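K.L.:
Need coordinates for the below:
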Amino acid sequence: MASTEGFAAVFYSEPGVLGLLGNVVSAFLLCLQNFTVATTGLGPRAAEQVLAGVHLILIGGFVQLLAGFLAFRKYDHLGGAAFLTFSALWSSYGATKVLSAAFPSAENTTLPSGNASQLLAASTAPLSASQTAVAGLVAYIAISFILSFCSATVNYIMPFIFGAIALALGFEAVALFGDWALVVSAVLELGIVLCGLYGAVALLLKGITQRYVLPGFGHPLFNVLLLGSAQKSSSKALGEEKKKNTKYAEPMALGNICDTVSPFIFTFYFFGYMETFCVGAAWVSIIATCQLLSSFYSYLRGDGYHTTKFGMHSLLWLVMCWEEFVLSAVLGLPVAQDSRMAMFGAWFFLAATLLLFVMSTHKDTLEMLQNASFILLTSAFIHQIPLRGARPFLGAACSLCAALSLYATFASLINSIGEKALIPVGPQAVSSSALQAMLGAVHTWLSRSKDIPSGCSAAVPDALFYICNGLAAAAAVQGSAEPGRQQLCIPSVLIPGALGQLFVCRIQLQGGKRFGSVLPFCYAAFWAGWTWLRLAGHLLGIGAGNTEGFTAGSIAFLVLNAFLIILASSFNVVLLCLTLAMELLTVCFLLFTLEKLSLPFEIVVLSILSVICFYGAAASLTNCMFGKDLLVMGPPLLTVQSSRKDREEPLPCVCPKSHLTSGLRTIAELLNTGAVCGVPTDTVYALAASCKHPQAIEKVYRIKDRPQEKPICIFISNLEQLRAAAPPISPLLWEFMENVYPGGIGCIIQKGEWLKKLGVGAGYSRVGTQDSIMIRVPDLTVLVHLIDMTGPLAITSANPSGEVDSTHHDMVISRLGHKLEGVLCDGESDEVVASTVVNCTRIDESGITIVREGCIPAGKVMQIFERVKNRVV
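P.N.:
Sure thing, here's the model as predicted:
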């Protein structure tokens, strides 16, 4: 990527540098600490533990967090999942060191309840740091081994690094109970440092030179395709649309990793290995927050199912961990048993997991089994089950969740890397069409009409919005003002109602949904206020006689929500009903501040709100997944019509988004019929025409006012296509192309009849010159997929001849849209200038010639050529 800040661009192009350095520094800190303890026989002092913990959080955590973000943006499935996982690992381990240093002599005591100081006193509960660390480390050891194996299909440096991390974590766990393991752990951590430094240098040089200087990257230990053949019965082969995005890697592996670590820790706790869940709450909170990132990247890919699934699972783990913290460290198990009997938040979790199970029946068997295990987990989490009976049930359910998620992690990583279903995940239980037919019958029964609208009114995060409000409403049901129950309900209301909706607000803002982000933001504030007064008021000394501020706030929110009701009425009936129920709930809040609330009335309102939210979640998720309104949301009651005469005009051509396969198919169908379309490339936007249609290539010249003497190049999807055509190319030219493809360099080579074997049909005479042709392999996933659908494309920049290049799809639409049949919209281009063109027709006699210097500097191209020439000759 070209940039005036070249060093930052190197890190952007190779985020593995940051990720490996984060692991190097973290391992080096632990190595020094372990060697010191092993040689002196003295444990680290509290200040040293705190400093080590802070460094692990800042370097191992935040630096790898940044590396994970960049890796996802680079469409790196393995790197994104690995770096975010190790970010959570080092942050959790750092937090453990800080907490164990802050409370070194905590004793196994249960705190008294009923006073305002117990929130602070909770921090002095037994930390069980070593026990919790073992539970977390065992989970990360299993994950690290899987990442090590999967990385062997990509290169042969990361397998050793990730494998050494797994072994080092194992001996770190042993060292918590015996100092002899410290030396072994330190030696392994030293190996991580050395291998990691080598890998970081190798990737840094690769980013600077745009080629592999040091061995280790670019060649796998073994071919991923050796793991198996594509499963013909996979859901992807049975008509389900696979959402792809050139900008973001698949986040399913990361979500499954999070669904492995959290239940693994809970399994240790529920089977009695830990007496309290203090440090465990920190470990689970960190990995559950990481799972929100998998939900976020699912949203960016337009995947409503995984956005909802991972978002809801994250909320489940957060609620469970902090509820267990309050139960074990603040209240104590005997007191908590009576307090939790009248809590109902877990019932909504159970309903939501049942919904996900139904919606996964048209996916693979593994997905169904995963959702079934969560049904067992949420069933065991129901508060009406006595604690003594629930804990073994919860432990067994968590074990099953962890085992299935671990296998799903392995399968999703390998299948994403290989882009085929190499690891079996099982067939569909129900075909997509059959499930749609069943849901269509529900639509017919509810609407009394067999006509199903073709469009979809639901947005991707809508289901998660309804789930957050439903969870908070169900958990807020209070039969009486019992202090213990109120404390236990704080996580169940605050986490989904406030924190979860702030996350929904964030992703709605990402999508530019102004009203969509207002609702979750306002209701997050409402549930935060509800928690503050109704559940934590007795802890904070807020009671009768000092709630005037809450009274004024509830009146203000009544007025604000009235406007939201009016706005919601212009969307659909379900959203309108939700806002009306929230208005009634605000009235209940106001009556509580005035000490005139009838609890049965409040319970009825909360129950109605929960039912509305469940139906809204079910309808939004269903409609979003299938792209049509299968479940009725109701028509808008208010229709706002603009009186402006200069209303926005329709787009001049078809403009699908690039992040869905349907968008690619639309443009591919247009190109295959002889149309000319604007497409993104790895440099700037371009005009594309199928090489099978010479009239389309002629049209490109007319659209651009391009002189006929200027030739048009062709794009292919990979170098293997060129090999299959068997052109008369010398070994030196092959080696040069292997070093520059894919990327922003185009090579001019001799033209011949071999082009027809490549797929250049009737357009043979209209591409290139009489005796030469420029060929380029783009480094852009979406364009590669498009070429796979259409065959070789004739490409030229999408700008009127002589004008500046187009760097955004809006520029293509405004400048040339009225002359085109379609534009594939992909946002900002990766570069601001076109590709570099190299004449290779006489490469063996006199070398190469730079015809046009573009995004790759001429000096760098010549350096690549000289190295290739020296190696070949």
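K.L.:
what about the stretch 401-550 of the chain, any weak spots by pLDDT?
P.N.:
419, 443, 446-456, 479-480, 510-515, 544 (pLDDT under 70).
K.L.:
rerun at 80
P.N.:
Segments of the stretch 401-550 of the chain classed as low confidence (criterion: pLDDT under 80) are 418-421, 440, 442-458, 478-482, 484, 509-516, 543-545.
K.L.:
could you pull out the strands for it?
P.N.:
Using DSSP state E, counting those that start in this stretch, no strands are assigned anywhere in the stretch 401-550 of the chain.
K.L.:
Going along the chain, name the helices of it.
P.N.:
Along the stretch 401-550 of the chain, counting by DSSP state H, counting those that start in this stretch, helices occupy 432-447, 462-475, 483-494, 501-510, 514-530, 537-540, 548-568.
K.L.:
and if you look at the stretch 701-850 of the chain?
P.N.:
Under DSSP H, counting those that start in this stretch, the stretch 701-850 of the chain gives helices at 719-725, 731-740, 754-758, 781-790, 809-816, 843-846.
K.L.:
could you dump the ones you listed to TSV with mean pLDDT?
P.N.:
As requested, the helices of the stretch 701-850 of the chain are exported to TSV (pLDDT from 0 to 100):
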stretch	mean pLDDT
helix 719-725	86
helix 731-740	90
helix 754-758	85
helix 781-790	90
helix 809-816	90
helix 843-846	88
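K.L.:
out of those helices, which comes closest to Lys704?
P.N.:
helix 809-816 (7.9 Å; CB to CB). Backbone N, C-alpha and C define where each C-beta goes, glycine included.
K.L.:
Give me the contacts around the closest one.
P.N.:
651-653, 655, 678, 680, 685, 687, 703-704, 798-800, 803, 806, 820, 823-827 (CB atoms under 8 Å, 6 or more residues apart in numbering).
K.L.:
Repeat the analysis, applying 7 Å as the threshold.
P.N.:
If you take CB atoms under 7 Å, 6 or more residues apart in numbering as the criterion, helix 809-816 is touched by 651-652, 655, 678, 685, 703, 798-800, 806, 823, 825-827.
K.L.:
most surrounded residue in these?
P.N.:
Ala798 (31 neighbours; other CB atoms under 10 Å).
K.L.:
Quick check: that residue vs Leu780, distance?
P.N.:
14 Å (CB to CB, to the nearest Å).
K.L.:
and what of Trp445?
P.N.:
Using CB to CB, Trp445 is found at 46 Å from Leu780.
K.L.:
returning to what we had before: and the helices of the stretch 701-850 of the chain as CSV, adding mean neighbour count and distance to Ala396?
P.N.:
CSV is the format used below for those (neighbours: other CB atoms under 10 Å; distance: least, CB to CB, whole Å):
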stretch, mean neighbour count, distance to Ala396
helix 719-725, 15, 49
helix 731-740, 18, 53
helix 754-758, 17, 58
helix 781-790, 21, 42
helix 809-816, 20, 52
helix 843-846, 13, 66
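K.L.:
With respect to Ala403, which of those lies nearest?
P.N.:
helix 781-790 (32.6 Å).
K.L.:
Return the subset of the contacts of helix 809-816 lying in strands.
P.N.:
Residues of the contacts of helix 809-816 located in strands (DSSP state E): Gly678, Val823.
K.L.:
of the contacts of helix 809-816, closest to Arg388?
P.N.:
The nearest one, if we look at those relative to Arg388 and count by CB to CB, is Gly827, at 55.5 Å.
K.L.:
where's the closest one relative to Val812, distance?
P.N.:
12 Å.
K.L.:
show me where the chain has strands.
P.N.:
Using DSSP E, strands in the chain cover 676-679, 686-690, 713-715, 745-750, 772-776, 793-797, 822-823, 836-839, 849-852.
K.L.:
got the angle for the fourth one vs strand 772-776?
P.N.:
Between the axes of strand 745-750 and strand 772-776, defined by axes from the mean of the first three to the mean of the last three CA atoms, to 10 degrees, the angle is 150 degrees.
K.L.:
Please name every helix or strand in contact with strand 745-750.
P.N.:
Under the contact definition 3 or more CB pairs under 7 Å, 6 or more residues apart in numbering; DSSP states H and E, strand 745-750 sits against strand 772-776, strand 836-839.
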